[in-house]
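Student: please work out how this folds:
(one chain, ligands or ions: 1)
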Amino acid sequence: MTTELSSDVTTEESAPVEGAAAEPQLTDQGWTHRDMLDLDTCSRSDIEAVLTLADRMREILDRRIPRVPALRGYTVVNLFYEPSTRTRVSFELAGKVLGADVISVSASTSSVVKGESLIDTVRTLRAMRADAVVMRHSMAGAPYLAAQHTDASIINAGDGAHAHPTQALLDLYTMRRAVGDLTGKKVVMVGDIAHSRVARSDLWGLAAMGAKVVVCGPPTLLPLGMRAGDRPGHAESALPPVSIETEIDAAIEGADVVMALRLQSERQEGGLLPSMHEYATHYQVTAERLARANPDHLLMHPGPKNEGIEIAGDVAGGSHSIIEDQVTNGVAVRMALLYLLSGRVDPADTDGEVRS
Ligand code: NCD
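Tutor: Residues are numbered from 1 along each chain as shown. The predicted structure is shown next:
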């Protein structure tokens, strides 16, 4: 069974709406995930399924009245134990555009402050028939624990410095929309790689899509296993193959995409950087440095950005910047993901189903 994505809000009553109990027909079509915890367990075809569907979702988002009933009766709970603007709002909008009920809980105003455990919180939400729980937590692995204790779909919206798969999916989608096939494209990530869950998930996604990835930052901000002298076989050597460059000019040379990453001040153990000023002097992405990139290069940043530290204000708002596209595309990609996880869609059948 598939659900039609209709633009015509007046036909909402007649639009097919599958109940949550409807048998998902996705297992034979390649999409088998109940949760989205990270991209390391996603094949290229899983990623393609999300990106292809995101194109349809982007069309819906760009309509005059961006509302369809495709996820009516589906409940999404945003459970955020860490601050967020774009990811939380993006999931809220994604659900609402598709007609889902979306409820946002912030841990600081929930029973978490009364000592309720993560497992109890997630079970409580499921007892109220939450179909998907979008979770952000400061502890790496928290969404994995939650996923073991509920049959609701758990979506990792950032766990510590570990993973942020939906940011990676929207980054891949934004790159692909702008440059086409990513095979062989040089993508350079500059900044605090060690503490960046975005970088880690991007690495998996970019590897799956065949891009050439270079990470660049001060040696103290490169992940263990990537630093000179690290023991081979360290857990993080399980990351996909990546080139490492500590000189930003060399890293940016010929780049198709440059992504600046925020210094994760909330995750620094101290002593990793001499000073912000020194960091900015050596690693800020500036117009002068971008002159070494491919003339058609794209500039990205997952946000929130600290202009004047990891990125210069003029390039962040300049003609190569697609930072705002990342934000808009984030909604479309999350719509696609929610729809796939709901089990209401057969990705192979989505072509032509969206009436404009
Ligand atoms: C990122 C995050 O929270 O990991 N932001 C985001 O979700 N867009 C990046 C960051 O905080 O620097």
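
Student: okay, now the unreliable bits of this structure?
Tutor: 1-30, 224-237, 267, 269-271, 345-356 (pLDDT under 70).

Student: in it, what residue lies closest to the ligand?
Tutor: Scanning the chain for proximity to the ligand using CB to the nearest ligand atom identifies Arg262 as nearest, at 3.5 Å. (Each C-beta comes from the backbone N, C-alpha and C, glycine too.)

Student: how many neighbours does that residue have?
Tutor: By the measure other CB atoms under 10 Å, the count of residues near Arg262 is 19.

Student: where does it land in three-state SS?
Tutor: Secondary structure for Arg262, judged by DSSP: H, G, I helix; E, B strand; the rest coil, is coil.

Student: OK, contacts around it?
Tutor: Contacts for Arg262 (CB atoms under 8 Å, 6 or more residues apart in numbering) come out as Gly191, Asp192, Ser196, His301, Pro302, Gly303, Pro304, Lys305, Asn306, Glu310.

Student: what's the distance between it and Asp62?
Tutor: Separation of Arg262 from Asp62 (CB to CB, to the nearest Å) stands at 29 Å.

Student: biggest helix in this protein, by residue count?
Tutor: Longest helix in the chain by number of residues (criterion: DSSP state H): helix 323-342.

Student: which elements pack onto that one?
Tutor: Here helix 323-342 touches helix 44-61, helix 86-97, strand 132-137, strand 153-159, helix 165-179, strand 298-300, going by 3 or more CB pairs under 8 Å, 6 or more residues apart in numbering; DSSP states H and E.

Student: run the last query once more with 7 Å
Tutor: helix 44-61, helix 86-97, helix 165-179 (3 or more CB pairs under 7 Å, 6 or more residues apart in numbering; DSSP states H and E).

Student: pick the most deeply packed of these.
Tutor: The highest average neighbour count among the helices and strands packed on helix 323-342, using mean count of other CB atoms under 10 Å, belongs to helix 165-179 at a mean of 25.

Student: quick one: distance of the following helix or strand past it to the chain centre.
Tutor: Counting by DSSP states H and E, the next helix or strand C-terminal to helix 165-179 is strand 186-190. Taking the mean of its C-alpha atoms, strand 186-190 sits 17 Å from the chain's own mean (CA atoms, centre = their mean, to the nearest Å).

Student: which residues sit against strand 186-190?
Tutor: Contact with strand 186-190 is made by 199, 202, 206, 211-217, 248, 251-252, 254-261, 283, 285, as judged by CB atoms under 7 Å, 6 or more residues apart in numbering.

Student: now, of the contacts of Arg262, which are buried?
Tutor: Those of these that meet the buried threshold are Gly191, Asp192, Ser196, His301, Pro302, Gly303, Lys305, Glu310, by 16 or more other CB atoms under 10 Å.

Student: check those residues and tell me the two furthest apart.
Tutor: Pairwise distances across the buried ones among the contacts of Arg262 peak at 14.1 Å for Asp192 and Gly303 (criterion: CB to CB).

Student: so this structure: which segments form each domain?
Tutor: Per automatic domain parsing, the structural domains of the chain span 17-164+329-349, 166-324.

Student: what about the longest one, near the ligand?
Tutor: It stands for domain 17-164+329-349. Yes: Domain 17-164+329-349 is in contact with the ligand by CB under 6 Å from any ligand atom, via Arg86, Thr87, Gly158, His164.

Student: show me which of the residues you listed is closest to Gln326.
Tutor: Arg86 (8.8 Å).

Student: surely the closest one touches Val327?
Tutor: Yes: Arg86 lies in contact with Val327 (CB atoms under 7 Å); the separation is 5.8 Å.

Student: any chance of TSV for the buried ones among the contacts of Arg262, columns secondary structure and distance to the ligand?
Tutor: Formatted as TSV, the buried ones among the contacts of Arg262 follow (DSSP: H, G, I helix; E, B strand; the rest coil; distance: CB to the nearest ligand atom, whole Å):
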residue	secondary structure	distance to the ligand
Gly191	coil	9
Asp192	coil	8
Ser196	coil	7
His301	coil	9
Pro302	coil	4
Gly303	coil	5
Lys305	coil	8
Glu310	coil	9
